[in-house]
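In: Pasting the sequence and the predicted coordinates here, then a few questions.
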Amino acid sequence: MSMNIDLLMNETEVLTREQYELVKSNHPAFADEFLFHNFWNDTFLNLSVYSEVEKEAYDLQREMGY
């Protein structure tokens, strides 16, 4: 179970409501600081994993057809 929570906290970019609840129950400070709630689809963006720079690079590659 602990490994699952570590994976969610350190490698998962978008968490479901259930995954969020699991992290929140075990690491509330982390959840409050790093998990951003997307209201439109009820998911949580993990800001400790998400990189705007990587997203922009990915989007540019897609637009260029790579």
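Out: It's in. Numbers count the residues shown, from 1 in each chain.
In: Give me the longest helix you can find in this protein.
Out: Criterion DSSP state H: the longest helix present in the chain is helix 52-64.
In: now that helix, how far from the centre of its chain.
Out: 18 Å (Cα atoms, centre = their mean, to the nearest Å).
In: From the rest of the structure, what touches that helix?
Out: Around helix 52-64, nothing counts as a contact under Cβ atoms under 8 Å, 6 or more residues apart in numbering. In short, each C-beta sits where N, CA and C put it, glycine included.
In: what element comes up after the helix or strand encompassing Ser25 heading to the C-terminus?
Out: Using DSSP states H and E, the element containing Ser25 is helix 17-26. Scanning forward in sequence from helix 17-26 by DSSP H and E, the next helix or strand is helix 28-34.
In: So for that following helix, mean pLDDT?
Out: Averaged over helix 28-34, pLDDT sits at 96.
In: just stretch 8-20 next, same as before
Out: On average, stretch 8-20 scores 94.
In: Number the chain from 52, please
Out: Noted, 52 is the first residue going forward, which turns the last one into stretch 59-71.
In: in the longest helix of the chain, what's buried?
Out: Neighbour-count burial for helix 103-115 flags no residue at all (criterion: 16 or more other Cβ atoms under 10 Å).
In: circling back: flag every buried residue along the helix holding Ser76.
Out: Across helix 68-77, burial judged by 16+ other Cβ under 10 Å covers 70-71, 73-75, 77.
In: Dump those into TSV; add distance to Glu114 as well.
Out: As requested, these are exported to TSV (distance: Cβ to Cβ, whole Å):
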residue	distance to Glu114
Gln70	31
Tyr71	31
Leu73	36
Val74	34
Lys75	36
Asn77	39
